[in-house]
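Peer 1: sharing a sequence plus its predicted fold:
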Amino acid sequence: MQNFDTILTLPSVFLDRNVLSPHFVPDVLPYREKEIEKIMLAVAPALEDQRPKNLFIYGKTGTGKTCTVKRVMAEFRKKTIFPQDVYVNCRMYNSRYRVMQKIGKTFISELDKVGFGISHFYEKLLEYIQVPYENGNQKRIIVVLDEIDMVKDLDELVYTLTRMNDEISSGSISMIGITNKISFKEVLDPRSKSSLCESEIVFSPYNSIQLREILAQRVKLGFVEGTVHDSAINLAAAIAAQETGDARYALKLLLKAGEIADEKKSFLITDREVEEARKNVDNTLVGEIIKTLPKHQQLVLIAICNLYNNIGHYQRLGQEENLEENRLLSGEVYEEYCKICRKFKRIPRSARWYREYLNELEMLGLITTVESSKGLRGHSRFIKPGYEPQQMLQILLESQQKSESETKVIYDSDL
Ligand SMILES: Nc1ncnc2c1ncn2[C@@H]1O[C@H](COP(=O)(O)OP(=O)(O)OP(=O)(O)O)[C@@H](O)[C@H]1O
Ligand SMILES: [Mg+2]
């Protein structure tokens, strides 16, 4: 029988799995020296009793924005005697209220109770910042707002923090906003935009050489020596560079490849494990995309996967018309979608909406479509699932069940 002692002493390629966690911040960040310097220059005034300018950081996902800022702020903290900065993950603190509450609680312990209104946080922070530190220095607060695009009422938040800064006679509050959504800046009120973007830094995606070094660094820290082939590191770096230059994806590949090597008991990470990891990681990512789809897009996708599993009829059609094999007709998918809606007690949306859904699903790579040749049943589209339909169906049905039980909970508690 297995017991913990035998489990814990099982051989593994991992020396320290924590090193591969997305939250681990390495001491050295290759290829981010310039960015580190720029951020240090931006926050340095706070160490000289001056107000740092607000800073806006943009870069695609996995380009090291979060870890670079965290690295700099860790160094910053070493230079200060008093708490002067707060890191806010706006995915979690996604409204002006929550952000203000988080800032307030960080600096003022009495705000750690529930039930205060936003004006209370505002007033208390204002009072707090205006009183200099014991050593006579003014308070120079830096608020890091990571994934700032997640804040629902961002204009109001930026306005509140800017106004606070204008109102205080001593001390200051500055923002570092981080996002991977470039378009988000355009939806901001011009006033918030100019406050937030006093200075800007752009992080560019990594190429395969850079990713190789980032991975090699983690391999040294996280894996038993000799368990990871150089070619496997190169392959993981090349795959990630080809996708989007995302270091997080590259690290995920490595972590999964390690798990696969352990499962197989081969304890060796070669190209093969990386290839397998790629399939697995991609499937997980697809799962995440599917789960966050709006309800009706999920229902359309269920219809497509369902029909695709009963492909016999369409295969025949495909051969007759000499079309690419195994495609579904959009009209028939719409009929199936209506049926599925009835099953899930939803009212089907119009055909116009349905066409929009198809476009969106195609943009996400979940389906592919081709226009039919003229004359064939009007202007129809032929549809094919982008991934293994059985697998997508499983995720979709789980997701539907979950939302049904959530709806039920809401309904029950309403009674
Ligand atoms: N230069 C680097 N050296 C070492 N590791 C890095 C480097 N850049 C990124 N990473 C690692 O890659 C992963 C993703 O980085 P990070 O979370 O900072 O990306 P991000 O730009 O904030 O992405 P997102 O926009 O999705 O939030 C992390 O595990 C991080 O440690
Ligand atoms: Mg980030």
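Peer 2: Structure's in. What do you need? Ligands and ions are numbered 1, 2, ... in the order given.
Peer 1: residue closest to the middle of the protein?
Peer 2: Nearest to the geometric centre of the chain sits T61, at 7.2 Å (C-alpha atoms, centre = their mean).
Peer 1: so which bits of stretch 52-67 are buried?
Peer 2: 52, 54-60, 62-67 (16 or more other C-beta atoms under 10 Å). All C-beta spots, glycine's among them, are computed from the backbone N, C-alpha and C.
Peer 1: contacting ligand 1 as well, which ones from those?
Peer 2: Checked against ligand 1 using C-beta under 6 Å from any ligand atom, the buried residues of stretch 52-67 give the following subset in range: 59, 62-67.
Peer 1: and the residues you listed, which two are the farthest apart?
Peer 2: In those, two members sit farther apart than any others by C-beta to C-beta. They are G59 and C67, at 11.6 Å.
Peer 1: in the stretch 201-350 of the chain, which spans are strands?
Peer 2: If you assign secondary structure with DSSP state E, counting those that start in this stretch, the strands in the stretch 201-350 of the chain sit at 328-329.
Peer 1: look up how far S12 lies from I141.
Peer 2: Plainly put, I141 is 44 Å away from S12 if you go by C-beta to C-beta, to the nearest Å.
Peer 1: the more surrounded of those two?
Peer 2: Set I141 next to S12 and count neighbours by other C-beta atoms under 10 Å: I141 wins out with 25 against 16.
Peer 1: list the contacts for that one?
Peer 2: Going by C-beta atoms under 8 Å, 6 or more residues apart in numbering, I141 touches 84-86, 103, 107, 129, 171-174.
Peer 1: quick one, phi/psi of the residue of the chain found nearest ligand 1?
Peer 2: Relative to ligand 1, the nearest point of the chain is G64 (2.7 Å; C-beta to the nearest ligand atom). Listed backbone geometry of G64 is phi 90, psi 20, with angles given as degrees, to the nearest 10.
Peer 1: ok, how many other residues are close to the closest residue to it other than its chain neighbours?
Peer 2: If the residues on either side of it in the chain are set aside, G64 comes closest to R32, at 5.4 Å by C-beta to C-beta, 6 or more residues apart in numbering. Residue crowding around R32 was assessed by other C-beta under 10 Å; the count is 22.
Peer 1: circling back to that earlier point, which of the buried residues of stretch 52-67 fall within strands?
Peer 2: 55-59 (DSSP state E).
Peer 1: circling back: pretty sure the residue nearest to the centre of the chain sits against A247.
Peer 2: No. In this structure T61 lies outside contact range of A247 using C-beta atoms under 8 Å: 9.4 Å.
Peer 1: how near is Q217 to G331?
Peer 2: Q217 sits 54 Å away from G331, taking C-beta to C-beta as the criterion.
Peer 1: if we can go back for a sec, now the ones in strands among the buried residues of stretch 52-67 as a markdown table including pLDDT and distance to F76?
Peer 2: Shown next, in a markdown table, are those (pLDDT from 0 to 100; distance: C-beta to C-beta, whole Å):
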| residue | pLDDT | distance to F76 |
| --- | --- | --- |
| L55 | 96 | 13 |
| F56 | 96 | 18 |
| I57 | 97 | 15 |
| Y58 | 95 | 21 |
| G59 | 94 | 20 |
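Peer 1: let's have these in a markdown table, adding distance to I290.
Peer 2: Rendered in a markdown table, the data for these read as follows (distance: C-beta to C-beta, whole Å):
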| residue | distance to I290 |
| --- | --- |
| L55 | 36 |
| F56 | 32 |
| I57 | 30 |
| Y58 | 28 |
| G59 | 26 |
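Peer 1: can you give me the helices in the stretch 301-415 of the chain?
Peer 2: Listed in chain order, the helices of the stretch 301-415 of the chain (DSSP state H, counting those that start in this stretch) span 312-321, 330-343, 351-363, 389-414.
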